[in-house]
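In: Next comes the sequence, and after it the predicted model I'd like to discuss.
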Amino acid sequence: MDLKFKQVTKEYKDLEHDKINIITDGDTMEVLPLKNMVLYPGVMISVSVTRQSSQRLVQTAQMNQQLVAVLCQKDRNVQEPKENDLYPIGSAGRIRRLLKMPDGSTIVVLEGVDRIQATQLMCSEEGKIYAKVQIYSEQVPKTSNKEFTALISSIRKTAIKAIESCEGQPQESVAFIRTLDIPEEVINYVIVNYAFSIETKQQLLEVTDVNERGTRLLELLNKELQMLKMQQEMRQKAQKDIEKDQREYFLHHQLQAIQRELGDTGEKTLNDMRERAKSKHWSEAVKKRFEDELLKLQRTPTHAPDYSIQQNLLETILDLPWNEYSEDNYDLAHAQQVLDRDHFGMEKVKERIIEYLAVQGQLVHIKKNKANPHSVKSPILCLYGPPGVGKTSLGKSIAQALGRKYARISLGGLHDEAEIRGHRKTYIGAMPGRIIENIRKVQTSNPVFVLDEIDKIGADYKGDPTSALLEVLDPEQNNTFHDNYLDIDYDLSQVLFIATANSLDTIPRPLLDRMELIEMTGYLMEEKIEIAKHHLLPKQLENHGLKPSQLKLKNNVLEFVIDRYTRESGVRNLDRQLATLCRKVVTANAKNEEHPASLNQEQIIHYLGQPRYTREAWETNKYIGVVTGLAWTQVGGEILFIETSLSTSKQPTLTLTGNLGDVMKESATLALGYIKAHAREFGIAPKDLDTTAVHIHVPEGAIPKDGPSAGITMTTALVSAFTHRKVRARIAMTGEMTLRGKVLPIGGVKEKILAAKRAGITDLVLCLENRKDVESIPAMYCKGLTFHYVQDIREVIDFALLK
């Protein structure tokens, strides 16, 4: 292709050679492609030219003093660009200077003359690129435009500030920017010389309105300035962190030097741990885990945060009594003596402990020198009953009887599963669970471990502790109990767990299934008297510095204190009352006041005040429709009176008062329904039932009452009221009844018998199936009572009501 340069119509004067260059729209110019630079009008740049074709072009253009079309490449990685590889908008450039370099390249100083647009790009056979161009004029605001002047001033100040803040920018540009007078040249110079991307520079070159180009430039400069400020802040922060690390490094080395002088180094700690590990009786798996963790500690710098965490874990592993057991005392007589010394009654619990000791002793005797004497898994007991009956203190007595260490944790209000299983060591403040922590404290793997208040465990978003206890209290699983902090299985199968609870209703069924349940009922009056004489009073006398001869309480006085000043199933409040008596006697001795050593009821009232409670007693049988019933409470048995009143009414109604529960209401409805169905058998006219309003009342309406044992009592009271037959003197009854009249057995027989005995009852009506319960009670408690066993309500009415 033979293309020649033509004369053009826009003239540019070459100041150096005083020659005029003319550009005309539609003329053809040879193209100088640039890889990573964009030429703007009025700005000079230096370019390194390495292509042979480009070197020949610049040499010819300088020689002939011709203008060239300077276009930027779209992709700088293209070595031999073609027509489609160039942006169409560029600048006409004048060659100001050429400088040959030793490596064969040429340094060219280019000056931008005017913006041009390549309307057509052509490539010759020699590889030269030509462009048909037209002038791409700019819209320059007038110098009188104040907004444009302010914009140029802001660009100048912001650019200078950005260049001064940026380490990679040439600082000599600041002085040059200050000297520039032409507004558009200020904009173009800043764009060319600031480290914007090629794409950004090309986009700004293509903006025709100089005012808009300046506005965009100012926005870019402000963004760059904010970025530079953020980078500077980050560098300052990083510098502070480096200085802090250097300071810590220096102090650490100083500390190491001091430790070497004192003979205290990390190596000494590691050696001490290795020596302690030699005496441990752990398995190969635990040994390997310990060695791995010790190696990890050895590799951790002593000043690192993880060092103390790792050291605490190893200390915990070393402190645990792996396969270390205290020797059980297999002397059954000694065990029985200790249990009887500390607790009165509780025969079932004592019997179970004696059985466990007997089995352990037998196995040790048979398998001596052949097997591990700790091969029998310890029982898991759950003692449940009302407060104050000695469930927790019994655990300590069992530990003394067995010769074992004693551990105890209270589970009341526990919500976090980690309290049982422990926290993972990655957490801040991590520690083992309370099970492992107490094993660590007692230093034996077979203590007596009391889990107090197991029925009061809660659950929330932190987990359910009762689920964690399933593993602890399962004899088939607790030999591999996994604590999250240790991350090692620990054998709890030899631990004698004793859980205590007031009620079984709140304990999940799977957890109940894993424990051997032993009920501890409230103490009887006779038992409380024995406990007070042999345990509570001697303890209080010792605590108050009194001799046994200075304060004596006979059985009738103790019974008066128990009956009139306490209402409890256990003996805690009784213990407080005895402590009060001891304080009164000590105070009287300090004042030199005379008082008898053996107190009577009048002196008890003087010291403790007026009695707080009264007991219901059998009154009389002169009223019809009133029958004495028996009830069980957590503080023992009570008698209650079922009172019936009849009145004429158009409609038969049944009114129940006395704060009765749903079960007792159902019993009353059932009793009335049974009487209506069998009215003729009892000599009751059916018309009387249809015209009578029935009112059943149980006194002491402030006290809620409920239970299934008042069925026969209510039926007897109703029959008495309808037939006008009096009730036999000094009789009481308890039992539930079905709709067909069958009498059902009830619970709490022992407590109810003692309540009847205290109330002056002589005859007691019970279900035939309760005979076995009566026969299991010691004869001393049944003395003076006659028991009448029945199977049907007719038997009850025939015996209880007089003809």
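Out: Happy to help now that I have it.
In: three-state assignment of E542?
Out: Classification of E542 by DSSP: H, G, I helix; E, B strand; the rest coil places it in helix.
In: Can you get me a residue count around it?
Out: Counted with other CB atoms under 10 Å, residues neighbouring E542 total 12. Just so you know, the C-beta spots here come from the backbone N, C-alpha and C atoms, and that holds for glycine as well.
In: same thing with S46?
Out: Neighbourhood size, S46 [other CB under 10 Å]: 12.
In: same deal with N556?
Out: N556: 10 surrounding residues under other CB under 10 Å.
In: Surely it is in a strand?
Out: No. N556: not assigned to a strand; according to three-state DSSP it is helix.
In: N573 versus the nearest residue to it once chain neighbours are set aside, what's the distance?
Out: In space, and not counting its chain neighbours, N556 is closest to Q601: 7.8 Å by CB to CB, 6 or more residues apart in numbering. Using CB to CB, to the nearest Å, Q601 is found at 18 Å from N573.
In: now T655
Out: Look at T655 and N573: by CB to CB, they are 37 Å apart.
In: With A333 instead?
Out: Applying CB to CB to A333 and N573 gives a distance of 34 Å.
In: the more surrounded of these two?
Out: Between A333 and N573, counting by other CB under 10 Å, N573 is the more crowded of the two (15 against 8).
In: Which parts of the stretch 101-250 of the chain are strands?
Out: Along the stretch 101-250 of the chain, the stretches classed as strands by DSSP state E, counting those that start in this stretch are 106-123, 129-135.
In: contacting residues around stretch 68-87?
Out: Applying CB atoms under 8 Å, 6 or more residues apart in numbering, the external contacts of stretch 68-87 come out as 29-39, 51, 57-58, 61, 88-93, 95, 110, 112, 116, 118, 121-123, 127, 129, 131, 133, 198, 201-202.
In: Can you give me every residue that contacts I354?
Out: Applying CB under 8 Å, 6+ apart to I354 gives the contacts L332, A335, Q336.
In: List the buried residues for whatever helix or strand it lives in?
Out: If you go by DSSP states H and E, I354 is part of helix 347-366. Using 16 or more other CB atoms under 10 Å as the test for burial, helix 347-366 gives V349, K350, I353, I354, Y356, L357, Q360, G361, L363, V364.
In: Let me have the residues you listed in TSV, extended by pLDDT and distance to R247.
Out: Converted to TSV, the buried residues of helix 347-366 look like this (pLDDT from 0 to 100; distance: CB to CB, whole Å):
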residue	pLDDT	distance to R247
V349	79	65
K350	82	67
I353	80	63
I354	84	68
Y356	78	63
L357	77	64
Q360	74	62
G361	75	66
L363	72	65
V364	66	63
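In: Report the two of the residues you listed separated the most.
Out: V349 and V364 (23.1 Å; CB to CB).
In: quick revisit: list buried residues within the contacts of I354.
Out: With burial judged by 16+ other CB under 10 Å, the buried subset of the contacts of I354 is A335, Q336.
In: If we only consider the contacts of I354, which is nearest to Q246?
Out: Set against Q246, the nearest of the contacts of I354 by CB to CB is A335 (67.4 Å).
In: Can you tell me which helices and strands the helix or strand containing that closest one packs against?
Out: Applying DSSP H and E as the criterion places A335 in helix 332-342. In terms of contacts (3 or more CB pairs under 8 Å, 6 or more residues apart in numbering; DSSP states H and E), helix 332-342 is packed against helix 347-366, helix 391-402.
In: In the host helix or strand of E291, which residues are buried?
Out: Using DSSP H and E, E291 maps to helix 284-299. Of all the residues in helix 284-299, those buried under the rule 16+ other CB under 10 Å are V286, R289, F290, E293, L294, L297.
In: where does the protein have low pLDDT?
Out: For the chain, the stretches with pLDDT under 70 are 1-22, 167-171, 252, 255-266, 364-376, 461-462, 615-618, 634-636, 701-702.
In: where's the closest residue to G104 other than its chain neighbours relative to K772, distance?
Out: The shortest distance from G104 to any non-neighbouring residue, by CB to CB, 6+ apart, is to T50 (7.7 Å). Between T50 and K772 the computed distance is 114 Å (CB to CB).
In: and what of T786?
Out: In this view, T786 and K772 are 18 Å apart by CB to CB.
In: what's the burial count for the closest residue to P141 other than its chain neighbours?
Out: Once flanking residues are discounted, P141 sits nearest to F148: 4.1 Å by CB to CB, 6+ apart. Neighbour count for F148, taken as other CB under 10 Å: 19.
In: wait, isn't F148 in contact with I187?
Out: No. If you go by CB atoms under 8 Å, F148 and I187 don't touch, sitting 10.3 Å apart.
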